[in-house]
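*Asks:* when you get a sec, could you give me coordinates for this:
(chains A and B)
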Amino acid sequence: MKLKAVIGLGILLIIAVISCQDDKSIEFARYYSSGSLIYQTHCQNCHGAHGEGLNGLIPPLTDSIFIKENLHQLPCLVKNGLKGKLKVSHKDFEGQMPAVDLAPIEIAQALTYVTNSFGNKLGTVNVDRVNTDLTGCR
Amino acid sequence: MKKIFSVTLVLALFASCKSNNGDNTLPIYGSRRPVTKTVNGQTTTDTVYATIPPFKFVDQYNDTISDKNLAGKIYVADFFFTSCPSICPVMQRNMLNVYNAFKTDPDIKILSFTIDPKYDSVKVLKKYADKLGVSGNTWWFLQGKKDTTYKLAEKNFLVAVSRDTTAPGGYVHQGYFVLVDKEKRVRGAYDGTQPDQVNQLIADIKTLKAERAPAVGQ
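*Replies:* Have a look, this model is predicted:
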């Protein structure tokens, strides 16, 4: 009898945890799937379908340490583009990334896709955080 | 005259439909005209096909590359510029597949003509080739006079290119990979931004290689 009660309570607890996570995972899924479309339209040409980049010309998006360390610079990078030297995956890159004209919500969606694909796993990049990061653009 | 024109048009239309009847020959593109000759009292009509005219450019090693270097070779041509932010990266990514498939075959060449020779000097092209991971003499990045390049693109390779200050990067151009046979005739055009079309190109190069020379006419 006691065992049954414990199991029942356990199941309830698990359901509670799952449904709590549900809101978050729905938000994540929404950001991620919209982001994959934005990626296809605006990023994939250069960075590739698997974030592989293009040899020494275009940096890959698979360097998860670089992505993690520069997470808060990424919104500015997308919005304003980038010029000059960059070291990614132990390789030196130079050249220019064009600015991409996207709304903050689209940047958030695209970055959620990138930072949770190609070997990255950093969770949702939500629009509030993108707005905060964008105020700090140099 | 009018009759000849319409006959030519019909022929061209027929040729432009890729035949899938298993005989494995590629169509011959471009304008053509019948030439009637009288040899030993017999009148024969032959078809003369459009060919890529002689040209002379400089490659990434500062060597001159002309049509003479391509005599008896099958080659693929495209038009690009190194600072291109739009379709070039995906084109060159796909062209790398063609390069990797044929880089040990001396009879196959790849020609990438820059449409921005002012910026794309030989030095810039060499650096670009290095960064792309291209070496040897299979894939040439060619630089020449702008007018010559544009004329060759539009008149002979049938690829549209133009300066457009409103376009990203300043130029608009089509992303076709044009396949040219050993007799300098255009045998195919493939959308270089589509991986499946580029796979078709790789298959067609093999078909072309197997074709008996001179190719059997229509």
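*Asks:* going forward, measure contacts between C-alpha atoms and count neighbours the same way
*Replies:* OK.
*Asks:* contacting residues for the closest residue to residue B:133 other than its chain neighbours?
*Replies:* Spatial nearest neighbour of residue B:133, excluding adjacent residues (C-alpha to C-alpha, 6 or more residues apart in numbering or on different chains): residue A:55 at 6.7 Å. Shown in contact with residue A:55 (C-alpha atoms under 8 Å, 6 or more residues apart in numbering or on different chains): B:131, B:132, B:133.
*Asks:* what parts of chain B come near chain A?
*Replies:* Residues of chain B lying close to chain A (C-alpha under 8 Å from any C-alpha of the partner chain) are B:85, B:86, B:87, B:89, B:90, B:93, B:128, B:130, B:131, B:132, B:133.
*Asks:* give the ChimeraX command for selecting the buried subset of those.
*Replies:* To isolate the buried members of those in ChimeraX, using 16 or more other C-alpha atoms under 10 Å in any protein chain shown:
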select /B:85,86,87,89,90,93,128,131,132
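*Asks:* restricted to helices, list the residues of chain B next to chain A.
*Replies:* B:89, B:90, B:93, B:128, B:130, B:131, B:132 (DSSP state H).
*Asks:* which residues in chain B form helices?
*Replies:* B:2-16, B:88-102, B:122-132, B:146-151, B:195-210.
*Asks:* excluding its backbone neighbours, what's nearest the residue in chain B that chain A sits nearest to?
*Replies:* Nearest to chain A, among the residues of chain B, is residue B:131, at 4.3 Å (C-alpha to the nearest C-alpha). Using C-alpha to C-alpha, 6+ apart and skipping residues adjacent in sequence, the residue nearest residue B:131 is residue A:56, 4.3 Å away.
*Asks:* hey, which of the helices of chain B is tucked in deepest?
*Replies:* Compared across these, helix B:88-102 shows the largest average neighbour count, a mean of 20 (mean count of other C-alpha atoms under 10 Å in any protein chain shown).
*Asks:* now that helix: mean pLDDT?
*Replies:* Averaged across helix B:88-102, pLDDT comes to 93.
*Asks:* mind saving the C-alpha coords of it as PDB?
*Replies:* Output of helix B:88-102 as PDB, limited to C-alpha atoms (Å, rounded to 0.1, in the frame of the first residue of the first chain):
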ATOM      1  CA  CYS B  88      29.300  32.500 -55.200                       C
ATOM      2  CA  PRO B  89      30.100  30.700 -51.900                       C
ATOM      3  CA  VAL B  90      27.500  28.000 -52.600                       C
ATOM      4  CA  MET B  91      28.600  27.800 -56.300                       C
ATOM      5  CA  GLN B  92      32.200  27.300 -55.400                       C
ATOM      6  CA  ARG B  93      31.300  24.800 -52.600                       C
ATOM      7  CA  ASN B  94      29.500  22.800 -55.300                       C
ATOM      8  CA  MET B  95      32.300  23.300 -57.800                       C
ATOM      9  CA  LEU B  96      34.700  21.900 -55.200                       C
ATOM     10  CA  ASN B  97      32.800  18.600 -55.700                       C
ATOM     11  CA  VAL B  98      33.500  18.700 -59.400                       C
ATOM     12  CA  TYR B  99      37.100  19.600 -58.700                       C
ATOM     13  CA  ASN B 100      37.500  16.700 -56.300                       C
ATOM     14  CA  ALA B 101      35.900  14.300 -58.800                       C
ATOM     15  CA  PHE B 102      38.300  15.200 -61.600                       C
END
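*Asks:* quick check: angle from it to helix B:122-132?
*Replies:* Helix B:88-102 runs at 70 degrees relative to helix B:122-132, counting by axes from the mean of the first three to the mean of the last three C-alpha atoms, to 10 degrees.
*Asks:* contact partners of helix B:88-102?
*Replies:* Taking C-alpha under 8 Å, 6+ apart as the rule, helix B:88-102 contacts A:45-46, A:48, A:54, B:80-82, B:108, B:110, B:138-139, B:175, B:192-195, B:198, B:202.
*Asks:* that helix vs helix B:195-210, what angle?
*Replies:* Angle, helix B:88-102 to helix B:195-210, by the same axes, to 10 degrees: 40 degrees.
*Asks:* now the strands for chain B?
*Replies:* With DSSP state E as the criterion, chain B has strands at B:32-39, B:42-49, B:56-58, B:64-66, B:74-80, B:108-114, B:139-142, B:161-163, B:171-173, B:176-180, B:186-191.
*Asks:* ignore what I typed, I meant chain A.
*Replies:* With DSSP E as the criterion, chain A has strands at A:82-83, A:86-88, A:91-93, A:96-97.
*Asks:* mean neighbour count, the ones you listed: which tops it?
*Replies:* Comparing these by mean neighbour count (mean count of other C-alpha under 10 Å), strand A:96-97 ranks first with a mean of 17.
*Asks:* returning to that earlier point: with mean pLDDT and distance to chain B added, can I get the strands of chain A in a markdown table?
*Replies:* Output for the strands of chain A, formatted as a markdown table (pLDDT from 0 to 100; distance: least, C-alpha to the nearest C-alpha, whole Å):
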| stretch | mean pLDDT | distance to chain B |
| --- | --- | --- |
| strand A:82-83 | 89 | 12 |
| strand A:86-88 | 91 | 14 |
| strand A:91-93 | 91 | 9 |
| strand A:96-97 | 88 | 8 |
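*Asks:* in JSON lines, list those strands along with distance to residue B:210.
*Replies:* Output for the strands of chain A, formatted as JSON lines (distance: least, C-alpha to C-alpha, whole Å):
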{"stretch": "strand A:82-83", "distance to residue B:210": "47"}
{"stretch": "strand A:86-88", "distance to residue B:210": "44"}
{"stretch": "strand A:91-93", "distance to residue B:210": "41"}
{"stretch": "strand A:96-97", "distance to residue B:210": "43"}
